[in-house]
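**Student:** Quick one, structure for this:
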Amino acid sequence: MFLSTLEIQSIIEHKMLPAVCTCVMEADQSLTIRVCDCMTGKVDLVASHVPLWTLDSPHAIASLVADMRQEIEAHKSINPTYTI
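**Tutor:** Numbers count the residues shown, from 1 in each chain. As a prediction, the model looks like this:
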């Protein structure tokens, strides 16, 4: 199954909601994915050099999103955000 770059970007951005996610195609055919907290605007994760050619199925994209969510949660448990 072949998905276009725009479809892959759209799926990743949608799956990361409510966070603000932007995907940028790099010259080497990789993606840079930036995920920011929707309330604070704080950058939660930047994944660079994600090979586009490995995101060739919905399962591959879902695995990437799950890994990114896990990384964000792991980082938040180490550096929790407190509201006063």
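
**Student:** biggest helix in the protein, by residue count?
**Tutor:** helix 58-78 (DSSP state H).

**Student:** Now do that helix: which elements does it pack against?
**Tutor:** The contact analysis (3 or more Cβ pairs under 8 Å, 6 or more residues apart in numbering; DSSP states H and E) places helix 58-78 against helix 5-15, strand 30-36, strand 43-51. Where C-beta positions appear, they are placed from N, C-alpha and C, glycine not excepted.

**Student:** wait, which of those is closest to His75?
**Tutor:** strand 43-51 (7.1 Å; Cβ to Cβ).

**Student:** Neighbouring strands - and their directions - for that closest one?
**Tutor:** strand 30-36 (antiparallel) (DSSP bridges).

**Student:** what's the angle from the strand it pairs with to helix 58-78?
**Tutor:** 40 degrees (axes from the mean of the first three to the mean of the last three Cα atoms, to 10 degrees).

**Student:** which residues are contacting strand 30-36?
**Tutor:** The contact list for strand 30-36 (Cβ atoms under 8 Å, 6 or more residues apart in numbering) reads 8-9, 12, 16, 19-26, 42-52, 55, 68, 72.

**Student:** again, only using 6 Å
**Tutor:** For strand 30-36, the external contacting residues (Cβ atoms under 6 Å, 6 or more residues apart in numbering) are 16, 19-24, 26, 43-52.

**Student:** Can I get the buried part of these as one ChimeraX selection?
**Tutor:** Command for ChimeraX that selects the buried part of those, burial taken from 16 or more other Cβ atoms under 10 Å:
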select :16,19,20,21,23,44,45,47,50,52
